[in-house]
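1. Kindly generate the corresponding structure for this input.
(chains A, B, C and D)
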Protein chains: 4
Amino acid sequence: MPVFAGVFPYLVSPIGPDGAVLEQPLRDLVEHLIGAGVHGLTPLGSTGEFAYLNNAQRREIVRIVVEQARGRVPVVAGVAATTTADAVAQAKDYAGLGADGILAVMEAYFPVPEAGVVAYFTAIADATDRPVVLYTNPNFQRSDLSLPAIDALSRHPRIVAIKDASTNTGRLLSILNRVEGRMDVFSASAHIPAAVMLIGGVGWMAGPACVIPRESVRLYELCRAGNWAEALPLQRQLWRFNELFAQYALAACIKGALQIQGFAVGDPLPPQSPLSEAGRADVARALAGLG
Amino acid sequence: MPVFAGVFPYLVSPIGPDGAVLEQPLRDLVEHLIGAGVHGLTPLGSTGEFAYLNNAQRREIVRIVVEQARGRVPVVAGVAATTTADAVAQAKDYAGLGADGILAVMEAYFPVPEAGVVAYFTAIADATDRPVVLYTNPNFQRSDLSLPAIDALSRHPRIVAIKDASTNTGRLLSILNRVEGRMDVFSASAHIPAAVMLIGGVGWMAGPACVIPRESVRLYELCRAGNWAEALPLQRQLWRFNELFAQYALAACIKGALQIQGFAVGDPLPPQSPLSEAGRADVARALAGLG
Amino acid sequence: MPVFAGVFPYLVSPIGPDGAVLEQPLRDLVEHLIGAGVHGLTPLGSTGEFAYLNNAQRREIVRIVVEQARGRVPVVAGVAATTTADAVAQAKDYAGLGADGILAVMEAYFPVPEAGVVAYFTAIADATDRPVVLYTNPNFQRSDLSLPAIDALSRHPRIVAIKDASTNTGRLLSILNRVEGRMDVFSASAHIPAAVMLIGGVGWMAGPACVIPRESVRLYELCRAGNWAEALPLQRQLWRFNELFAQYALAACIKGALQIQGFAVGDPLPPQSPLSEAGRADVARALAGLG
Amino acid sequence: MPVFAGVFPYLVSPIGPDGAVLEQPLRDLVEHLIGAGVHGLTPLGSTGEFAYLNNAQRREIVRIVVEQARGRVPVVAGVAATTTADAVAQAKDYAGLGADGILAVMEAYFPVPEAGVVAYFTAIADATDRPVVLYTNPNFQRSDLSLPAIDALSRHPRIVAIKDASTNTGRLLSILNRVEGRMDVFSASAHIPAAVMLIGGVGWMAGPACVIPRESVRLYELCRAGNWAEALPLQRQLWRFNELFAQYALAACIKGALQIQGFAVGDPLPPQSPLSEAGRADVARALAGLG
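-> You can find the predicted model right below:
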């Protein structure tokens, strides 16, 4: 049985113009998502603008999310750094705050040889007793993990899953074939969740689920039940959100969509731009279309 | 009902060291594939090394395939050119030879604005009375068709399908949502065929089916029947061939695999290299694994 | 002393709507360029749309240029193919027509290992007794030659020069350091000719020289004389043409510029577009600015 | 007269295994470089591993360098951030520490529209009274500044220069033509410094000058004097260091080279690797070759 499975929304990071975390909107969002039936929460993913927050802001967000979740669903907190030392410190800190798992991201400026990447992820997994989900994203990172490296990492007792944010769904099947059950696979927003479920995925970690949690959970349940005949029409409808989040900047789009839904989560941190008027109209139309 | 559907192997182009088409191996291959139950034949795709053949060699290959197929399955012949004039001439020529459909590829050296790409494909579709399948490949071409351009092309009465050879399966769902039934979608070897069938695809046009036609047809039938529980284990096994064809050069890999199976299809045209010893061993192992 | 040196304009390929070579404009252009003092002529480069012409059109262009040049300046004819056999046939054909040298281009659809690339260029150099200039372009080709491969090719007695069409001028210095005089280096339009002359280049092969031949020759002479104080202001002024040819599609831009100058060279072959109105205005302005 | 001109080595950031700045080696390096005649010092460039340091480490490095330089040469300190707020805070901090100028870098995770990039750099220039040098690097950043954006920024009274770390030297000439003297241009290690001086550059900001400061200054003086005949042989010899720094990871290479020269600057921060044995041998050979 997977350690983590189901719909894990990537939470946005609500930050005010002065840099302070907007605590109440974040608590409201957590409450809303748990109420909608999501299976876990993932603060500090890409959608959570981890690359734009300092360590104090990141810590505060994990603290609030863990506290508000109150153990009802697992909280898998994002750890992202360019240095191993920083990543290990973050992981220990978040485990100390009560995070149930670590989503491990490697940032890079210079290319790092694969042995260095494996060492980086291993150090995070060694740092705490929490299960670790690898997050790989060839679009935003400079290194992509090879199948042999993923295979090696899958043998670590605490590396339990991977979320590969490429658009290449075939790569997920190659990973699944390669790791032979030692590691679970989550879909990202660039994949079709139902297709990833079909080939053996255990769920999805993605920003859109922040905005359409109830529908996402419904889709997950249909896939889990093997009810593809009902899953597909729903998937085709929900795909519009993945398209919008690819078309507009990810954080801007989700923060804009949450504002439309009444969550005062603020704007992306400058020099990122808020969602444009055209983007807000497109998102509003897609939300209305859900009926 | 789709005009074309099912498993359409991309045929290799057997060429001898003197540049002559190796007629008998090509006839044998056609016979073998039809005997294995494939639903159509596609000479002169990427796998067919269209970029390495002159127009006389291309013509000869279409002639032989059409003649050998004898109408038992449709032959969709590849048309590929940098100029509209050359493409139109090829299309008319292949239609005159009896090809049942045209697979339209656009080659480019300089970038071409999208209006030019749409005009190119439209000219091919206007040139004959045969149905046209668009072939887009962002890896090998300089231009990728936008969704609005695909939408526009889908309104041409003879443009009936698209084969998108990116690895981005989500893009196929976006196309399906956009064209609202005016155009069918085929999987390429870079996609998981079962996943494409799940989201509404009508089959696949791909090189690996040349080597594992019987298993491909079996997979197609399971998908068509919605028998995903049996389809998936087979898909996971067959995926190895897609991996091999991505790992080694496509034409070299398939020609090598066919040689192992007893088809004297020759080597890729120089300066391309034949399949390496390591590659032959990997392919032989995968074939043996099929039982 | 270099085999070839100086300003070698890449000639456009004037083709009518029916596909016939426009002989008189081509002869006029050759006459005009020789009159302006260029040191050689290069038909069938990128600017010459080699990728859009069939072998008959290519042959006709070489025939006319060689005939019209009448030995006054060397003609280095472009050979471009995906297969070694086609390239060798072209080289022999052009040598038979009287071309003084071969500009060797490798086209590729699938990636070719470097040994294959070296074999391709070596086969061209072995095919005739004419000196060969290598043409490498990482933007338009799939393979870039490594320094060791260039070193190996520089030891062929008939491979005399290289034109590297990357924008990376440092790479040219690395080549010059590596080949130790066994091979000359020409600038492409993506480099600053004066900077390439400074580091040891022997001239340039580029499209803009078709349009500004007299000024190009003047710049070359200043560089040759080491008169950098006068060369640089001229170079800064002429650079505008390199910018325009990068901004607009290369062939379209040069054909448009030649039309403005009174040469009826026709438009690029469809689906390429003719130079836009904005482009014509920009080019006209730059020409007027030459005073 | 340029605000900054000449050879500005990018300093490495010596950090111990515990994360502490290695103060004495940094002071020794500053002393050594000033003694060798460099015209300025640039802590916290790419070579300075800015992407791997936290703000406390960055601050400490600027503090030490400014203090040790004692006003003998200007210190242009690197500011790099994903958010405008962080960048402005860094700039104010370094100005308060006595930095003579700011080298402004924009990091990005999500793409930022150009207006955002311009706003980011403008905010840095508005934050203090120090002159600002823009640092653009299309290889390591997600956004490249367009010429119109550079033009707009050149009109800010405190934005005095740009260092463009692409390999595209022609782009530097386009910038020079565009800004009409409102902004100076520095060469990066990916350009040939002598070529950039020829076209109007004012010097170079680059890691190799850390390792070969005396030779770099000699080259600069020859270029300044227009003595190209002597400059070029020296440039061709020194180019080997630029090649090595491109071949091996930048920070690893320069730290390794400084260790060979007796500076105990430590290794790059993990998971980056120290310079390999092969790299050390190559660098040692190049150093020995300087005679």
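2. low pLDDT regions in the stretch 51-200 of chain A?
-> A:139-144 (pLDDT under 70).
3. change it to 80
-> The stretch 51-200 of chain A contains residues with pLDDT under 80 at A:137-144.
4. Tell me which other helices or strands the lengthiest helix in chain A touches.
-> In chain A, with assignment by DSSP state H, the single longest helix is helix A:228-247. If contacts are counted by 3 or more CB pairs under 8 Å, 6 or more residues apart in numbering or on different chains; DSSP states H and E, helix A:228-247 sits against helix A:193-198, helix A:213-224, helix A:250-260, helix A:277-289, helix B:169-179. To be clear about C-beta, it is placed using only N, CA and C from the backbone, and glycine gets the same treatment.
5. Kindly reformat these as JSON lines containing mean neighbour count and distance to C:Phe263.
-> JSON lines is the format used below for those (neighbours: other CB atoms under 10 Å in any protein chain shown; distance: least, CB to CB, whole Å):
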{"stretch": "helix A:193-198", "mean neighbour count": "26", "distance to C:Phe263": "56"}
{"stretch": "helix A:213-224", "mean neighbour count": "20", "distance to C:Phe263": "63"}
{"stretch": "helix A:250-260", "mean neighbour count": "25", "distance to C:Phe263": "51"}
{"stretch": "helix A:277-289", "mean neighbour count": "15", "distance to C:Phe263": "45"}
{"stretch": "helix B:169-179", "mean neighbour count": "21", "distance to C:Phe263": "44"}
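6. Including distance to D:Ala252, could these go into TSV?
-> Converted to TSV, these look like this (distance: least, CB to CB, whole Å):
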stretch	distance to D:Ala252
helix A:193-198	38
helix A:213-224	44
helix A:250-260	33
helix A:277-289	42
helix B:169-179	38
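7. okay if I get those as TSV plus distance to chain D?
-> Output for the helices and strands packed on helix A:228-247, formatted as TSV (distance: least, CB to the nearest CB, whole Å):
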stretch	distance to chain D
helix A:193-198	22
helix A:213-224	22
helix A:250-260	6
helix A:277-289	12
helix B:169-179	19
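8. Which positions in chain A make contact with chain D?
-> Contact residues, chain A versus chain D (CB under 8 Å from any CB of the partner chain): A:19, A:46, A:49, A:51-52, A:54-55, A:82-86, A:106-107, A:109-113, A:115-117, A:119-120, A:140, A:249-251, A:269-273.
9. Buried ones only from the residues you listed, please, as a PyMOL command.
-> In PyMOL syntax, the buried subset of the residues of chain A next to chain D is picked out as below (16 or more other CB atoms under 10 Å in any protein chain shown):
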select buried, chain A and resi 46+49+51+52+54+82+83+84+85+86+106+107+109+110+112+116+117+120+140+249+250+251+269+270+271+272+273
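10. Tell me which of the residues of chain A next to chain D fall in helices.
-> Within these, residues falling in helices by DSSP H are A:55, A:84-86, A:115-117, A:119-120, A:250-251.
11. so which of these would you say is closest to B:Leu145?
-> The nearest member of those to B:Leu145, counting by CB to CB, is A:Leu250 at 24.1 Å.
12. Now do the same for the closest one: its pLDDT.
-> You'll see A:Leu250 listed with a pLDDT of 89.
13. from what I can see it touches A:Gly48, true?
-> No - A:Leu250 is beyond contact range of A:Gly48, at 9.9 Å (criterion: CB atoms under 8 Å).
14. Excluding sequence neighbours, find me the nearest residue to the residue in the stretch 151-291 of chain A that chain C sits nearest to.
-> Nearest residue of the stretch 151-291 of chain A to chain C (CB to the nearest CB) works out as A:Asn168 at 18.1 Å. Spatial nearest neighbour of A:Asn168, excluding adjacent residues (CB to CB, 6 or more residues apart in numbering or on different chains): B:Thr167 at 4.0 Å.
15. near chain B, which residues of chain A show up?
-> Checking chain A against chain B by CB under 8 Å from any CB, the hits are A:166-171, A:173-174, A:176-177, A:190-192, A:194-195, A:198-200, A:226, A:228-229, A:232, A:235-236, A:239-240, A:242-243.
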